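In: no letters, just coordinates:
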Ligand SMILES: O=C(O)CCC(=O)C(=O)O
Ligand SMILES: [Fe+2]
């Protein structure tokens, strides 16, 4: 069950990576210590736990929506498949994505619902969805998307201020009334009783494609590879704490000051492996037409960072947010794999060879 009040504990004998815990209420209140802690997290790993975000009830309802949707017959879900052309919205079956350059298959299934579709409901902007999604658009999905978009906007503005951007700069690049790749995703990874090699990724190593991710999970399985390390470490779920992270767009906008770290999902560790693993994310991405490049004219800090960067190319991608996103989605699709080169085309700001 997605609600999962009782489940086997996260094992204490696997390597975990500690994250800083930031309090959303304190951030909103402008607490200087909390903002400093948040800035440290954003500029080192780009991942942090966040409490007091106010989304827990809606998160539970979103997990119910995911469960209702995944229980539909596969044939029904496949009517709403993403397709192979680089659209993310819709259903993705297990095995539809590669997890590495050998073309190994992913094991997760998920449903992605576009922010634009949720906000404009019942008018479709990008596509239509299964009946289980439609039934919850108004009372569950739209409120969750609105709340999460506001959380992400608030966090981005705090970082924008620290970077020296004028107020509203990052909000302007993520307007709710402009189309974007922003979406909510509910993921199910099937149980792996008996264990399976931890090296077999359920969802391949990646950096997030957009700006800001607001993630909720109950069981272990999410791992990060911290900077300077070649080892994967689990992020231990903490009840009531979201895991937030930055994506490629914020890395690029900030000239690399903000981090978009490599992560992946593997089967839940230890006794948790007998249960399906559910996770829920809200991905805030820039508006479709925004060009992904460092905002050097808007901040002396960013201009300096780019001037000192060894790899400057990533800070002038020349691609719009829509192109960047579609390219990454398209070239991870199993059907499009023609060898390691295809996989490499799906990459974002990952620079580590082991992520290839
Ligand atoms: O399931 C998780 O914990 C993380 C999922 C993820 O990284 C993603 O969908 O981008
Ligand atoms: Fe991710």
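Out: Perfect, thanks for sending it. It should be emphasised that the depicted structure is a prediction, and the values quoted were computed from it without experimental measurement. Numbering: from 1, shown residues only. Ligands and ions are numbered 1, 2, ... in the order given.
In: how about the strands in this protein?
Out: Secondary structure of the chain (DSSP state E): strands at 21-23, 47-51, 90-92, 109-114, 183-189, 203-206, 212-217, 222-224, 233-234, 242-246, 263-265, 277-284, 291-293, 316-320.
In: what lines up beside the one helix or strand in the chain whose mean pLDDT sits lowest in the sheet?
Out: When each helix and strand of the chain is scored by mean pLDDT, DSSP states H and E, strand 316-320 comes last, with a mean of 90. Neighbouring strands of strand 316-320 in its sheet, by DSSP bridges, are strand 291-293 (antiparallel).
In: rounded mean pLDDT for the partner strand, please.
Out: The pLDDT scores in strand 291-293 average 97.
In: again, but for stretch 6-20
Out: On average, stretch 6-20 scores 93.
In: is ligand 1 within reach of that stretch?
Out: No. Stretch 6-20 is not in contact with ligand 1 by CB under 6 Å from any ligand atom; minimum separation 12.9 Å. Quick note: C-beta positions are derived from backbone N, CA and C, even for glycine.
In: who touches residue 213 in this structure?
Out: 244, 245, 246, 247, 281, 282, 283, 284 (CB atoms under 8 Å, 6 or more residues apart in numbering).
In: pretty sure the fifth one sits against residue 209.
Out: I take that to be residue 281. No. Using CB atoms under 8 Å, residue 281 makes no contact with residue 209, being 11.5 Å away.
In: got the contact list for the least confident helix or strand of the chain?
Out: Taking contacts as CB under 8 Å, 6+ apart, the residues outside strand 316-320 that touch it are 252, 288, 289, 290, 291, 292, 293, 294, 324, 327.
In: swap in 6 Å and give it another go.
Out: 289, 291, 292, 293 (CB atoms under 6 Å, 6 or more residues apart in numbering).
In: just the pLDDT at the closest residue to residue 89 other than its chain neighbours, thanks.
Out: In this structure, residue 89 finds its nearest non-sequential neighbour in residue 114, 4.4 Å apart by CB to CB, 6 or more residues apart in numbering. pLDDT, residue 114: 98.
In: and residue 114, how many neighbours?
Out: 24 (other CB atoms under 10 Å).
In: tell me where the longest helix sits in this protein.
Out: helix 142-163 (DSSP state H).
In: residues making contact with that helix?
Out: With CB under 6 Å, 6+ apart, helix 142-163 has contacts from 39, 42, 53, 55, 58, 62, 115, 118, 169-171, 184, 212, 214, 254, 282, 284, 299, 301.
In: can I have the buried ones of these as a PyMOL selection?
Out: Filtering those down to the buried ones (16 or more other CB atoms under 10 Å) takes a single PyMOL command:
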select buried, resi 39+42+53+55+58+62+115+118+169+170+184+212+214+254+282+284+299+301
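In: inside helices: which ones of the contacts of helix 142-163?
Out: Using DSSP H, the contacts of helix 142-163 in helices are 39, 42, 58, 62, 115, 118, 169, 170, 171, 301.
In: and the two most separated of the residues you listed?
Out: Largest separation among those by CB to CB: 62 and 301, giving 36.4 Å.
In: identify the bridge partners of residue 51.
Out: residue 23.
In: low-confidence ranges, the stretch 101-250 of the chain, go.
Out: By pLDDT under 70, the weakly predicted segments of the stretch 101-250 of the chain are 194-199.
In: which residues of it lie near ligand 1?
Out: 185, 187, 203, 208, 215, 217, 222.
In: hang on, the earlier thing: so which of the contacts of strand 316-320 is the most crowded?
Out: residue 292 (24 neighbours).
In: contacting residues for that one?
Out: Counting by CB under 6 Å, 6+ apart, residue 292 makes contact with 249, 252, 317, 319, 321, 324.
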